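> Predicted model, plus sequence, below.
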Amino acid sequence: MNPEPGPFAETLKGLAALGRYGTPEEVAATVALLVECRRELA
């Protein structure tokens, strides 16, 4: 993944739904949600 201060950071942020990089807490919450959804489908 491109680091936040990297040469393409602004381009990637513009493509992101939130217009910024996610926080560690947001990433963890997303992973937890996906695990729960997967568990319900199994």
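Received, thanks.
> which residues sit against the lowest-mean-pLDDT helix or strand in the chain?
Every helix and strand of the chain was ranked by mean pLDDT, DSSP states H and E. The lowest is helix 9-15, at a mean of 88. Residues outside helix 9-15 that contact it (CB atoms under 8 Å, 6 or more residues apart in numbering): 2-3, 19-21. Yep, even glycine has a C-beta here, placed from its N, CA and C like the rest.
> Just name whatever secondary elements the next helix or strand along the chain from it is in contact with.
Per DSSP states H and E, helix 9-15 leads on to helix 24-41 as the next helix or strand towards the C-terminus. With contacts defined as 3 or more CB pairs under 8 Å, 6 or more residues apart in numbering; DSSP states H and E, helix 24-41 has no packing partner among the helices and strands.
> and residue 29, how many neighbours?
12 (other CB atoms under 10 Å).
> what do you get for residue 3?
Residue 3: 9 neighbours (other CB under 10 Å).
> For residue 15, give its distance to residue 30.
Counting by CB to CB, to the nearest Å, the gap from residue 15 to residue 30 is 17 Å.
> of these two, who's got more company?
Just comparing residue 15 and residue 30: by other CB under 10 Å the higher neighbour count belongs to residue 30, 11 against 8.
> Can you give me the pLDDT of the residue lying closest to the more buried one once chain neighbours are set aside?
Sequence neighbours aside, residue 22 is the residue nearest to residue 30 in space, at 7.6 Å (criterion: CB to CB, 6 or more residues apart in numbering). The per-residue pLDDT reported for residue 22 equals 87.
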